[in-house]
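Enquirer: dropping a prediction and its sequence here:
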Amino acid sequence: IFHIFLGLWFVFFVLGVVRSFKFLSSYCSILRVLWQVGQLREVSNKVHNAELKLFLEVEKGMDLCPIASPDKTKDDILLFFKLYDPEKEELRYVGRLFVKGTGKPSEILTRLNEMAGYDPEEDIVLYEEIKFEPNVMCEPIDKKVTFRSSQLEDGDIVCFQKAPSVVDNEQQVRYPDVPSYLEYVHNRQVVHFRPLDRPKEDDFSLEMSRLYTYDDVVDRVAQQLGLNDPSKIRLTPHNCYSQQPKPQPIKYRGVDHLSDMLV
């Protein structure tokens, strides 16, 4: 949280919380099998949010009646798929598939295009979403290498999108591929600004990145306020206990990133 001085202006940042997500690995799947519902409830009661919600995914046949899941062999791998749209800046779940460990991604491209609503021959690229915390790890998947050789296992998440093109670059999409989008989500920070004389009233808010430099931050604030000279903006840390600005402002370019300002 910071206060910003501009002439007679003081405003400060209120940090928005960006929740991370986790996926269930094969180890978690084993725990799911071994634990009974009663045991899960006991665990959930030990945390602040004691509400326990369980969801069962059921596949339906032509008659809309549930059908049994296919028998899973040792060579079968259950993968979950997400589709990324660079123009909408949207990454969403589109389904799951059982694949053979000895099979290759190139063999399921038509099925993935169908899940996405694309033409069967659409050129798509695949990424494995490995982890989100503490740092993003998302690596491209070679479509010509077997799933097993790519070290894909039960419960892994595969993200895919249309292959980036020159047209996409000309349209200047902010995040052209899955890795860059995940980095954006991981580091984004919603910041609320308030005037000094009204420290409990929001004036405006901006979405920023924790990787923003000092200049990036004051540039965004200057744009919002319609100022031509961002160097005239002064940032002052906020005291979360007194809800007032601290006595001393941050030195001009005295920190590297927004994340350093928030300490």
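Expert: Good, I have the coordinates.

Enquirer: residue 82 versus the most centrally placed residue in the chain, what's the distance?
Expert: The residue lying closest to the centre of the chain (C-alpha atoms, centre = their mean) is residue 185, at 4.0 Å. Distance from residue 185 to residue 82, counting by C-beta to C-beta, to the nearest Å: 12 Å. Where C-beta positions appear, they are placed from N, C-alpha and C, glycine not excepted.

Enquirer: with residue 150 instead?
Expert: Using C-beta to C-beta, residue 150 is found at 17 Å from residue 82.

Enquirer: find the residues that touch each one of residue 185 and residue 82.
Expert: Common neighbours of residue 185 and residue 82 (criterion: C-beta atoms under 8 Å, 6 or more residues apart in numbering): residue 91.

Enquirer: what about the helices in this structure?
Expert: Along the chain, counting by DSSP state H, helices occupy 26-34, 37-44, 109-116, 166-170, 178-187, 214-225, 258-261.

Enquirer: how about the strands in this protein?
Expert: With DSSP state E as the criterion, the chain has strands at 2-6, 9-12, 76-85, 90-100, 124-131, 137-140, 157-162, 188-193, 204-209, 234-239, 244-245.

Enquirer: dump these into TSV; add mean neighbour count, mean pLDDT and distance to residue 51 as well.
Expert: As requested, these are exported to TSV (neighbours: other C-beta atoms under 10 Å; pLDDT from 0 to 100; distance: least, C-beta to C-beta, whole Å):
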stretch	mean neighbour count	mean pLDDT	distance to residue 51
strand 2-6	21	49	35
strand 9-12	23	37	34
strand 76-85	18	96	24
strand 90-100	15	95	22
strand 124-131	17	96	26
strand 137-140	14	96	31
strand 157-162	22	97	25
strand 188-193	18	86	26
strand 204-209	15	91	29
strand 234-239	20	79	33
strand 244-245	18	80	37
